[in-house]
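Asks: Have a look at this fold, sequence not included:
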Ligand SMILES: Nc1ncnc2c1ncn2[C@@H]1O[C@H](COP(=O)(O)OP(=O)(O)OP(=O)(O)O)[C@@H](O)[C@H]1O
């Protein structure tokens, strides 16, 4: 079925055609018709199946049919869990809706609330993150949603996982009852159903892959390897050395692991570009990394779960889960970054022996077809000595390694599922060595927990105690910053709420990734991270280099490992994961270039800025600068006009309160900071907040 088979307006069809969208995907086929009839829809479909267009098309049509104008205010509200996803959705909306006259805005925090408030009343289609939206509902007097026609909850499962359930309830209470609601999710959880009960009326359930044998794309090849904790870094290095022409994302449990291993891998020079994406980076840096990775044909991105959901990176060949995901849903979202829209992809999960049983069971219950593969340990390159040498010369890197160590343990400790995650079964001394540390840092929270266990679980906690005893001699060096983890560990999930909070903090997905309100009051830690970011400039890695085409990342790798000479060295029993290039893909480059097959050729010719595969920051900046110039002039005129009025009203000033007067001053100063841009070429206006392109 084609988009043109639906009764769509010419303007929408033209936008779709211009963006090279012609044939509908299954979720689009099943939901667009229902949504056009005005029904509430709960849509669930696998990752990468095209859910974004499934709500953008009906949203545009709804306003078109109501002959909505800018004077009618907010007509469509789309709530996305993260800034990145909101921005990505906004890009698709701009592309497909370019022939309509509605205004569209992106409200994702990171800037002054008041600046946003001044623009919000002009917007017809608003894409936002939940916390910031609620803040506007509470504090912005111009924010009216009383005529809202459609509410879209995108990635509802992720919104709820990030702890926004209460925020969502409060938002929904503030919205008119008479509206259409579309809710999309890649996974069906109980909390998504609860949210659906609250926000949808007699919904049509569209669960595209409900009867499917598997809950992940058929084109995704999924395997897992059981390996000891101390072998994981070696394993990753060996993997990368054998996939120099591939694009991979490696998921880690915590931000500090990403930071350390990113640094150390840059030094190790595996032979392909290494990038890092995590929530402690500034928004602008995150956008740069995103764009850089999108443009690369071969690269590896080290990431936390910030990159796990919704983000549409093109042509990713491999998803490696370096650390075991929290649960099967997280697994599904992570692997969903590859094998998108009919493309193929490979996923490799590294599991510790203690994690294997519980995780594999969970995956099979969720209909995830994952098979074990064995890797010959003798064929793995040992990089421990090289890492030790780096750390011996670089105190800062050593500090990072120590933080990485503690951070990983804390992430394991804070995981809910104690059958899979057991911090006491980890070989701490060996793990420390594998990171290049001479000995394991002292981990205070583990010491406290151990003490607590001695007191509380003398009777039934013998297993844990034994394990703890084994690890006792490895808890040596002091490590700050972990005392916050309280000691009420019981070996079960009794204190889930506190741990959940801690865990969220640890993976820094929630606050750092979404909500500007929290970002504006940056903690000391965050500030430190930022300064660390600055220092990273010195490392010859892609982070801050604006033109990816001019970048060469370790292409001249001449380290003495000769493991690229024979890609078949790393032979596995069932199949050859590490030698896949030599065997499976005689022309790996063309595989990368195929994506997306229909769009590629014409997009090459088209305006690069409209490329579905990424954001051309340079071009965006240029456009924004030009438009900013124009808007500033317009605004200055307005300010002049305002002055004229003020002069007339001067006599009344004397009776003003101090607050009113300071409001006036602030208002005038906005003349130089205006951030609303009219996209005059296609009549869609853009209220850009949070992504500071001017820098
Ligand atoms: N009808 C279509 N024709 C061609 N390409 C499409 C079509 N629909 C979607 N795509 C492409 O498929 C990719 C995945 O789409 P989208 O991001 O909407 O998936 P999703 O279901 O939201 O995934 P996730 O659950 O991971 O967020 C995008 O690159 C998009 O451009």
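Replies: Received it, and whenever you're ready, just let me know what you need. Just so it is clear, the model here is predicted, and its values are computed rather than measured.

Asks: Tell me the residues on this protein that lie near the ligand, please.
Replies: Contact residues (Cβ under 6 Å from any ligand atom) of the chain with the ligand: 21, 23-25, 28, 45, 47-53, 186, 310, 312, 336, 340-341, 596, 598, 612. To be clear about C-beta, it is placed using only N, CA and C from the backbone, and glycine gets the same treatment.

Asks: try 5 Å
Replies: Contact residues (Cβ under 5 Å from any ligand atom) of the chain with the ligand: 21, 25, 47-53, 186, 310, 312, 336, 340-341, 612.

Asks: tell me which of those residues is nearest to residue 374?
Replies: Closest to residue 374 out of the residues of the chain next to the ligand is residue 336 (26.0 Å), distances taken as Cβ to Cβ.

Asks: gap between the closest one and residue 187?
Replies: Going from residue 336 to residue 187 by Cβ to Cβ, to the nearest Å gives 10 Å.

Asks: The residue nearest to residue 201 when sequence neighbours are not counted: neighbour count?
Replies: Once flanking residues are discounted, residue 201 sits nearest to residue 40: 5.3 Å by Cβ to Cβ, 6 or more residues apart in numbering. Applying other Cβ atoms under 10 Å, we find 20 other residues in the vicinity of residue 40.

Asks: Then residue 378?
Replies: 8.

Asks: repeat for the one 10 residues further on
Replies: Other residues within reach of residue 388, judged by other Cβ under 10 Å, total 16.

Asks: What strand or helix carries it?
Replies: helix 384-393 (DSSP states H and E).

Asks: which strands and helices sit next to that helix?
Replies: helix 232-241, helix 255-268, helix 395-414 (3 or more Cβ pairs under 8 Å, 6 or more residues apart in numbering; DSSP states H and E).

Asks: among the residues of the chain next to the ligand, which are in helices?
Replies: 51, 52, 53 (DSSP state H).

Asks: export the residues you listed to CSV and tack on neighbour count and pLDDT?
Replies: As requested, these are exported to CSV (neighbours: other Cβ atoms under 10 Å; pLDDT from 0 to 100):
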residue, neighbour count, pLDDT
51, 26, 90
52, 25, 93
53, 21, 96
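
Asks: Surely the residue nearest to residue 201 and residue 182 touch.
Replies: Yes - counting by Cβ atoms under 8 Å, residue 40 sits close enough to residue 182 to count as a contact (7.1 Å).

Asks: Please report how far residue 140 lies from the ligand.
Replies: 29 Å (Cβ to the nearest ligand atom, to the nearest Å).

Asks: If you could redo that for residue 359, that was the one I meant.
Replies: From residue 359 to the ligand the distance is 21 Å (Cβ to the nearest ligand atom).

Asks: what helices or strands is the helix or strand hosting that residue leaning on?
Replies: For residue 359, the element it lies in under DSSP H and E is helix 353-365. Packing partners of helix 353-365 (3+ Cβ pairs under 8 Å, 6+ apart): strand 220-226, helix 328-335, strand 345-351.

Asks: what's the average pLDDT for stretch 182-196?
Replies: Averaged across stretch 182-196, pLDDT comes to 80.

Asks: no no, stretch 267-280
Replies: Mean predicted lDDT for stretch 267-280 stands at 92.
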